[in-house]
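Enquirer: Requesting a structural model of the entry that follows:
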Amino acid sequence: MPREYSRTLRIDSQLQRELADLVRRELSDPRVAGITITRVDVSPDLRNATVRVSKLGDDAAVAAAVKALGRAAPRLRHFLGGRLRLRLIPELRFAPDNALREGDRVVDLIRSAVRADKQAHGDPADTDAPE
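Expert: Numbering: from 1, shown residues only. Sure, this is the predicted structure:
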């Protein structure tokens with residue numbers, strides 16, 4: 001279902017900006033160092049927000065960052081209450097954002113399909129050259 005509520009989109013954007021600033025300024029946990037808040041999706045009733053985060057490193061580093069952010073969620077909500085003009089600050093749920101990894105996987109699949117197609121048709125061109 002497409003999101004056509006401009007208010008929720010505006011709140012998504014505000015939360016993303018404020019959370020990024022709060023994580024950088026207020027949290028000293030080394031597990032959250034270097035994270036990026038990639039997306040925030042607020043529910044239509046504004047009671048819940050799913051916060052997608054990414055971090056360079058392996059899956060264990062991302063999982064540790066998500067866990068640390070989950071523990072810091074009440075503190076972050078408190079800070080958000082002082083920064084945002086909302087009657088209710090949404091409950092924050094943090095989750096890893098795998099969009100970049102999935103994008104890389106799709107690109108790899110396309111490249112291997114192109115290579116296989118060239119080999120099947122006897123194309124002598126270098127199959128590892130970028131398209």
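Enquirer: Tell me which other helices or strands the helix or strand of the chain with the lowest mean pLDDT touches.
Expert: One helix or strand of the chain scores below all others by mean pLDDT, DSSP states H and E: helix 99-120, with a mean of 80. Identification of packing neighbours for helix 99-120 by 3 or more C-beta pairs under 8 Å, 6 or more residues apart in numbering; DSSP states H and E yields strand 48-54. Backbone N, C-alpha and C define where each C-beta goes, glycine included.
Enquirer: roughly how far out does the strand it packs on sit from the chain middle?
Expert: 7 Å (C-alpha atoms, centre = their mean, to the nearest Å).
Enquirer: Quickly run through the sheet partners of that strand, with directions.
Expert: Strand 48-54 sits in its sheet next to strand 36-42 (antiparallel), strand 91-96 (parallel), going by DSSP bridges.
Enquirer: Any buried residues in that strand, and which?
Expert: 49-54 (16 or more other C-beta atoms under 10 Å).
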